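A.B. asks: Sequence plus the predicted model coming up.
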Amino acid sequence: MGEVVTLTRIKKIRAKAKKEKKKVVLTNGCFDIIHSGHLKYLKAAKRLGDILIVGLNSNPSVRKIKGAKRPIMDEKDRAYILSNLMSVAYVVLFDEPTPERLIRDILPDILVKGGDYKIGDILGREAVWECGGEVKVIPATKGYSTNKIIERVVKRYCTK
């Protein structure tokens, strides 16, 4: 079971992992309504290394990206759920709309994003490459998306 930690703590964890030659994998996202597509993605990300860190967009950060009606789930609930997944070692919240500063602070061995990204579009990739790290894209699980879940709920329960 994982843990929700501060940026200060995750930097110390990263430094210790580096000394112990453990491979740190970092991914990030809103993880607003967690579904099996997320679980498959996180499991695949964890297989790439020893420690999986999830950078989680805070509530204000999600609003900046997704609009005033999001997030659906509060950051504390999202962080709690993620930290209780077997594949996730640590969850760290960040307030910025992009994870670029978080990536530069952690400098993972492997930076991972989901299949809707192209490597050239992944923010923070240069910093990871400069430190000898890798940037990977894990294919998305077709048919799973938070937006589609929200649309289905609205269609089923909000239309007459």
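C.D. replies: Yep, it's here. Residues are numbered from 1 along each chain as shown.
A.B. asks: can you tell me how far the residue nearest to the spatial centre of the chain sits from T146?
C.D. replies: Nearest to the mean C-alpha position of the chain, counting by C-alpha atoms, centre = their mean, stands N28 at 2.2 Å. N28 sits 15 Å away from T146, taking C-beta to C-beta, to the nearest Å as the criterion. For glycine as for every other residue, the C-beta is placed from the backbone atoms N, C-alpha and C.
A.B. asks: Repeat that for P71.
C.D. replies: P71 is 9 Å from T146, by C-beta to C-beta.
A.B. asks: Next: D74.
C.D. replies: From D74 to T146 the distance is 15 Å (C-beta to C-beta).
A.B. asks: neighbour-wise, which of those two wins?
C.D. replies: T146 (21 against 12; other C-beta atoms under 10 Å).
A.B. asks: which ones are touching that one?
C.D. replies: When contacts are counted by C-beta atoms under 8 Å, 6 or more residues apart in numbering, T146 touches C30, D32, I33, H35, I72.
A.B. asks: quick one: it from R125, how far?
C.D. replies: With C-beta to C-beta as the criterion, T146 and R125 are 24 Å apart.
A.B. asks: in the helix or strand bottoming out on mean pLDDT in the chain, what counts as buried?
C.D. replies: Ranked by mean pLDDT, DSSP states H and E, the helix or strand of the chain with the weakest confidence is helix 146-157, at a mean of 86. Within helix 146-157, the residues scored as buried using 16 or more other C-beta atoms under 10 Å are T146.
A.B. asks: 35 is where my numbering starts, stick with that
C.D. replies: Yes, from this point I'll number from 35; that puts the last item at helix 180-191.
A.B. asks: how long is stretch 89-105 from one end to the other?
C.D. replies: 15 Å (C-alpha to C-alpha, to the nearest Å).
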